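Q: below are the sequence and a predicted model for it; my questions follow.
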Amino acid sequence: MNNYHVKSQKKLTRQLLKILLPFGLLSIIIVWIGVPILYALLWSFVNPEFPWSYPDPFPKNLSLFQWEYVFKYTTIVKSIGNSFLLAFVTTIVCFILALPTAYALGRRKLKGSEFFKIIMLLPMVFPGMAMGLFLGRMLHGMGVSGTYLGVVMVHTLVSLPYMLRILVVNFESMPQDLIDAASNLGAGNWVKFKEVYLPMILPGLVAGAMFTFITSMEEFNLTFIVGAPDITTIPTVLYSYLGENFLRTRASVVSLILLIPNLILLIVAERKIKTEYMGAALGKM
């Protein structure tokens, strides 16, 4: 009877955990992410004639004045175009550089490959401002400071590790039997790449491109040091409203402009990164 009682308690505990854990995680997400986004949205619609301050929990009056001001009196339109252009070009450059490098590190037994896998992650941990100061001086000497080329170069430096690391893991996890089978069936290098490698690394490519694109979109330190004042992006406009002359309303508008495309990209990428890609690759063989 005691054993039955203990088993019943354990079963009830497991059932409660199955209910409470998702509910707890959802609550944390709502509080940690949803509430700040909600308040940023509210701040972006504050009517300047009716200031919002404590103890009012919500604005007394809403208007589009802050959005109209940002689009009319700042360089936000040009900055949006620059951000998307730089992010797109950076993603393409990272793909071109990462694909052969990841293949070599993931599929070839190279001497010192583990050391290179660690080295390639250094831009992710190196302080952005410190790296920007050194790179800014070097790129100024090369004559590319204040140009799109210079900004793409520094964006590539900080974004490449994301795509490179993801692709290296993808190549390492490929079953060698599939590649050997393709070779035994007479498949050439191009056919193997298209029919074997590409379907299996496609989720990694999508994930790597997503992280690369978002990293480029959100990069401020290097963009400011290398690109200013000729090249502005959404983050450089956002930071102009922070600091000493903090304008919460206009900063909220610009932060939402930066958030919305990244959020859409995450949703689209999540729908594309499916396990069916790996299943399709295995099915071809």
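A: Great, that's in hand. Numbering: from 1, shown residues only.
Q: outside of the one helix or strand Ile267 maps to, which residues touch it?
A: According to DSSP states H and E, Ile267 maps onto helix 248-272. Applying CB atoms under 8 Å, 6 or more residues apart in numbering, the external contacts of helix 248-272 come out as 37, 40-41, 43-44, 46, 48, 66-67, 69-70, 76, 80, 83-84, 206-207, 210, 213-214, 217-218, 234-235, 237-238, 241-242. Where you see a C-beta, it was placed from the backbone N, CA and C, and this is true even at glycine.
Q: show me the residues you listed that map onto helices.
A: 37, 40-41, 43-44, 66-67, 69-70, 76, 80, 83-84, 206-207, 210, 213-214, 217-218, 234-235, 237-238 (DSSP state H).
Q: quick one, which of those residues are buried?
A: 40, 43-44, 66-67, 69-70, 76, 80, 83-84, 206-207, 210, 213-214, 217-218, 234-235, 237-238 (16 or more other CB atoms under 10 Å).
Q: what about the stretch 101-250 of the chain, any weak spots by pLDDT?
A: Flagging of the stretch 101-250 of the chain using pLDDT under 70 yields the residue ranges 243-246.
Q: how about the helices in it?
A: Ranges of helices in the stretch 101-250 of the chain, per DSSP state H, counting those that start in this stretch, are 113-119, 122-125, 128-142, 148-172, 176-184, 189-192, 198-218, 221-227, 234-240, 248-272.
Q: what's the closest of the ones you listed to Leu21?
A: Set against Leu21 and scored by CB to CB, the helices of the stretch 101-250 of the chain come closest in helix 248-272, at 21.2 Å.
Q: what residues sit buried inside that closest one?
A: 248-258, 261-262, 265, 269.
Q: again, but for stretch 229-245
A: Ile231, Thr232, Thr233, Ile234, Pro235, Thr236, Val237, Leu238, Ser240, Tyr241.
Q: what residues does it touch?
A: 74-76, 78-80, 82-83, 86, 146-148, 151, 217-220, 223-224, 227-228, 247, 250-251, 254-255, 257-258.
Q: gap between Ser145 and Ile234?
A: Ser145 sits 21 Å away from Ile234, going by CB to CB, to the nearest Å.
Q: hmm, I typed the wrong one, I wanted Asp177.
A: 47 Å.
Q: and for Gly132?
A: From Gly132 to Ile234 the distance is 18 Å (CB to CB).
Q: ok, now Leu62?
A: As judged by CB to CB, Leu62 and Ile234 stand 23 Å apart.
Q: got it, and Thr223?
A: Distance of Thr223 to Ile234, given as CB to CB: 10 Å.
Q: re earlier: between the buried residues of helix 248-272, which is closest to Leu122?
A: Proximity of those to Leu122 was ranked by CB to CB; the top entry is Asn262 with 24.7 Å.
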